[in-house]
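Engineer: sequence first, predicted coordinates after that:
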Amino acid sequence: MLSSPRTQNVRLQHLRNASLKACFNDVRDMSCSVNDEASDGNEMSQVQCVRMRLKPGSLERVREWQQELNHRRSEVMETLRDEQVFIESVFLEHADGQDYLIYYMRGLDLEKSRAVARASVHTIDAYHQAFMKAVRAPDGHSKLECLIDFECPSTADTPE
């Protein structure tokens with residue numbers, strides 16, 4: 001599906017509007033690949049969702065991390081641009097007496113995005129990596145299976 005320059009601008013706006021930074025150094029497989037409306041029709045975007053169990057007593061640190069990343073939003077946006085990540089969202093789940101972070105990520109090439117994150121010189125990436133090391137349970141992550149992934153183009157791109 002070919003896209004208009006307006007659709008490409010919407011994709012760039014997604015980059016600017018994403019609120020959280022995460023890296024997936026330990027997870028290699030992509031859950032879904034779908035046509036990317038922002039591409040020329042030959043590129044595919046990739047999505048991934050991962051559930052990470054937190055170490056007990058980590059919630060205060062998670063809330064501090066959330067505030068820090070939101071406070072340093074411009075740095076987060078810079079790293080997302082470097083990584084060619086369009087969307088990165090993190091959710092907190094409480095289930096069966098455990099706390100989990102649920103990460104959702106969409107980008108052009110998530111393996112390449114992880115490589116860029118690992119080599120990053122941005123201080124926000126170092127902060128994030130230290131946070132993950134401190135709060136992630138050693139055996140506590142799993143890739144979630146992507147069953148359906150739709151993305152509706154902006155209504156501004158719809159012909160009148």
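Structural biologist: Received, thanks. Numbers count the residues shown, from 1 in each chain.
Engineer: what strand or helix carries Asp125?
Structural biologist: Asp125 belongs to helix 123-135 when assigned by DSSP states H and E.
Engineer: can you give me the mean pLDDT across that helix?
Structural biologist: Averaging pLDDT along helix 123-135 gives 95.
Engineer: try stretch 103-111
Structural biologist: For stretch 103-111, the per-residue pLDDT averages 95.
Engineer: then that stretch to PDB, C-alphas only?
Structural biologist: What follows is stretch 103-111 as a C-alpha-only set of coordinates in PDB (Å, rounded to 0.1, in the frame of the first residue of the first chain):
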ATOM      1  CA  TYR A 103       6.000  -3.600  26.500                       C
ATOM      2  CA  TYR A 104       4.600  -2.900  23.100                       C
ATOM      3  CA  MET A 105       6.900  -1.700  20.400                       C
ATOM      4  CA  ARG A 106       6.600  -0.900  16.600                       C
ATOM      5  CA  GLY A 107       9.500  -0.100  14.400                       C
ATOM      6  CA  LEU A 108      11.000  -0.700  11.000                       C
ATOM      7  CA  ASP A 109      13.500  -3.300  12.100                       C
ATOM      8  CA  LEU A 110      13.400  -4.200  15.800                       C
ATOM      9  CA  GLU A 111      16.600  -6.300  15.800                       C
END
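Engineer: helices of the protein, residue ranges please.
Structural biologist: 5-17, 59-71, 73-83, 110-118, 123-135 (DSSP state H).
Engineer: for those, which one sits closest to Met44?
Structural biologist: helix 110-118 (10.9 Å; CB to CB). Backbone N, C-alpha and C define where each C-beta goes, glycine included.
Engineer: give the buried residues for that closest one.
Structural biologist: 110, 113-114, 116-117 (16 or more other CB atoms under 10 Å).
Engineer: next one: stretch 65-81
Structural biologist: Applying 16+ other CB under 10 Å to stretch 65-81 flags 65, 69, 72-73, 75-80 as buried.
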